[in-house]
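Student: With the input below, show me the fold.
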Amino acid sequence: MAKAVRQYQAGGPEVLRYEDVEIRDPGPGQVRLRHVAVGLNYADTYFRNGTYAVPMPSGMGVEAAGVVVAIGEGVTNVAVGDRVT
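Tutor: This is a model prediction of the structure:
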């Protein structure tokens, strides 16, 4: 099972939860990545504290680089094995 830092409400660092998340097969137009690097920056604090509204639950790290490991129906611009950011 994969792990993720998630939040269910806006607030300080105390709202963050480190938890198990289910990894499903990608749906139409989606891909699944094996993350190699995830960037955390100041905008992530704005998402966490509610300055920038995001749908909940939400996660940390909206910038990433990785390798495509699965593609959903209709995906034509990347292939399994491609490195993406």
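
Student: low pLDDT regions in the chain?
Tutor: Under the criterion pLDDT under 70, no range of the chain is flagged.

Student: which strands and helices sit next to the helix or strand harbouring Glu19?
Tutor: Secondary-structure assignment from DSSP states H and E places Glu19 in strand 17-21. If you count contacts as 3 or more C-beta pairs under 8 Å, 6 or more residues apart in numbering; DSSP states H and E, strand 17-21 packs onto strand 2-7. Every C-beta, even on glycine, is put in place using the N, C-alpha and C of the backbone.

Student: Which positions in the strand it packs on come out as buried?
Tutor: For strand 2-7, the neighbour count (16 or more other C-beta atoms under 10 Å) marks 5-7 as buried.

Student: Helices of the protein, start to end?
Tutor: 42-49 (DSSP state H).

Student: Tell me, how many residues neighbour the residue nearest to Phe47 when sequence neighbours are not counted?
Tutor: The shortest distance from Phe47 to any non-neighbouring residue, by C-beta to C-beta, 6 or more residues apart in numbering, is to Val54 (5.0 Å). Neighbour count for Val54, taken as other C-beta atoms under 10 Å: 14.

Student: I'd assumed Asp44 was in contact with Val54.
Tutor: No. Using C-beta atoms under 8 Å, Val54 makes no contact with Asp44, being 10.2 Å away.
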